[in-house]
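1. Sequence plus the predicted model coming up.
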Amino acid sequence: MSTGTAILAEGLRKRYATHTALHGIDLEVPTGTVLGVLGPNGAGKTTTVRILATLLAPDGGRAVVAGHDVAREPREVRRRIGLSGQYAAVDQMLTGRENLVLLGRLLRLGRRGAEARAQELLDRFGLLDAADRPAGTYSGGMRRRLDLAACVVGDPEVLFLDEPTTGLDPTSRNVLWNVVRELVGGGVTVLLTTQYLEEADELADRVAVVDAGRVVAEGSPDELKRKVGTDRLEVTVARPDQLAQAAAALAVLGGRVPTVDEDAVRVTVPLEHGLDDVALAASELRRRGVTAADFQVRRPSLDDVFFALTGTAAKADSPTQEGADER
């Protein structure tokens, strides 16, 4: 493994009694970067994380995390990683401070060292005002931040975040994103599984799309978007009776046939020649007297990538066979 590689997986396979969860997963994550792992429910994301975090033994293949083989040196791997699962794993009877001090003591930081580390993390994660309240009184976003703070008490080199913002409101999600960016800025390597396409777009340096236990595509968000297709022009007309005229106007671009959405009163066409097509479309719409309520150029999104590769739209999590088998 290259010294600049924090996570390496080669041909990881895992079979349960009723199905095969992983068919040979290959991943490589450079040190100090974020890999976003996308996939529908049951795709194998959580199984992969559990193997890399030494919680589950693979049936085949190998994995190296922070320079140590997960099968032969699990203790060394655990000393160097942090893991946040899909649900915040904090003791709700303890205060936020007590949760962090307890973990610090378990990690042999000593009483003073654990208290100092807890104070530092409570401040860093914006939890000082609630530090001495029971964690059970925290909002969902606060519990998530406390859970993430608990993951980094031991100053890990590699952090596994398994759908960390599921169920959070947009404000709490943005707060957590900023915390992750800060950790990566400090040199931490992050493997992030998510079904929120915006999350991967915001945080990931590279994205791996997993479906049915296989990596079906990998690249930067922009690279994956380019694979899906070109930019498209979307024109929403002010009057439904002008839809046909708008479609005729966009047809002169000479590429693919425009798509008409009668419910949205919108016509969409791929842009084969960039801004030249935009200028021609605007001129032709004006010439035909079509009034546009909205006129936008849209790039392919990770939503488009996700759908094109997996045949499903991104959605919120629900219990899956994968999770049930692993429990």
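-> Happy to help now that I have it. Numbering: from 1, shown residues only.

2. so where do the strands sit in the stretch 1-150 of the chain?
-> 5-15, 20-30, 34-38, 60-65, 68-69, 81-84 (DSSP state E, counting those that start in this stretch).

3. contacting residues around the longest helix along the chain?
-> Taking DSSP state H as the criterion, the chain has its longest helix at helix 170-185. Helix 170-185 is contacted from outside by 32-34, 124-126, 139-142, 144-145, 148, 152, 159, 161, 164-165, 168, 190, 192, 196, 199, 202-203, using CB atoms under 8 Å, 6 or more residues apart in numbering. (Glycine included, C-beta is placed from N, CA and C.)

4. mind redoing it with 7 Å?
-> With contact meaning CB atoms under 7 Å, 6 or more residues apart in numbering, helix 170-185 is reached by 32, 34, 125-126, 140-141, 144-145, 148, 152, 159, 164-165, 168, 190, 202-203.

5. returning to that earlier point: mean neighbour count, the strands of the stretch 1-150 of the chain: which tops it?
-> Ranked by mean neighbour count, those are led by strand 34-38 with a mean of 26 (mean count of other CB atoms under 10 Å).

6. Show me the contact partners of that one.
-> The contact list for strand 34-38 (CB under 7 Å, 6+ apart) reads 27, 29, 45, 48, 184, 190-194, 200, 203-210, 306.

7. which residues does Leu38 bridge with?
-> Counting by DSSP bridges, Leu38 is bridged to Thr194, Val209.

8. again with Leu83
-> Beta-bridge pairing of Leu83 under DSSP bridges involves Phe160.

9. any idea how far the nearest residue in space to Thr230 that is not next to it in sequence lies from Leu233?
-> Spatial nearest neighbour of Thr230, excluding adjacent residues (CB to CB, 6 or more residues apart in numbering): Pro270 at 5.0 Å. Using CB to CB, to the nearest Å, Pro270 is found at 8 Å from Leu233.

10. and if you look at Asp261?
-> Separation of Asp261 from Leu233 (CB to CB) stands at 13 Å.

11. cool, Ile25 as well?
-> From Ile25 across to Leu233, the span is 38 Å (CB to CB).

12. what's the answer for Met142, then?
-> Distance of Met142 to Leu233, computed by CB to CB: 43 Å.

13. Once you drop chain neighbours, what's closest to Glu98?
-> Nearest in space to Glu98, with sequence neighbours left out and distances taken as CB to CB, 6+ apart, is Asp91 at 7.7 Å.

14. measure the one you found to Leu122 for me?
-> To Leu122, Asp91 is 15 Å away according to CB to CB.

15. who has more neighbours, those two?
-> Neighbour count, other CB atoms under 10 Å: between Asp91 and Leu122, Leu122 has more, with 23 against 13.

16. my guess is Tyr138 meets Ala130, correct?
-> Yes - in this structure Tyr138 lies within contact range of Ala130 using CB atoms under 7 Å: 6.3 Å.

17. So Val297 sits against Thr230, correct?
-> No - the criterion here is CB under 7 Å, and Val297 misses it with Thr230 at 10.4 Å.

18. got any residues that touch both of these two?
-> Here Val297 and Thr230 have Leu271 as joint contacts, going by CB under 7 Å, 6+ apart.

19. Okay, now the unreliable bits of the stretch 201-327 of the chain?
-> Applying pLDDT under 70 to the stretch 201-327 of the chain picks out residues 228-229, 300-301, 308, 310-327.

20. where does Asn174 land on pLDDT?
-> For Asn174, the model assigns a pLDDT of 86.

21. count of neighbours near it?
-> If we define neighbours as other CB under 10 Å, then Asn174 has 14 of them.

22. Tell me the spacing between it and Ala282.
-> 35 Å.

23. what does Asp205 give?
-> 36 Å.

24. One more: Ala217?
-> Distance from Ala217 to Ala282, counting by CB to CB: 34 Å.
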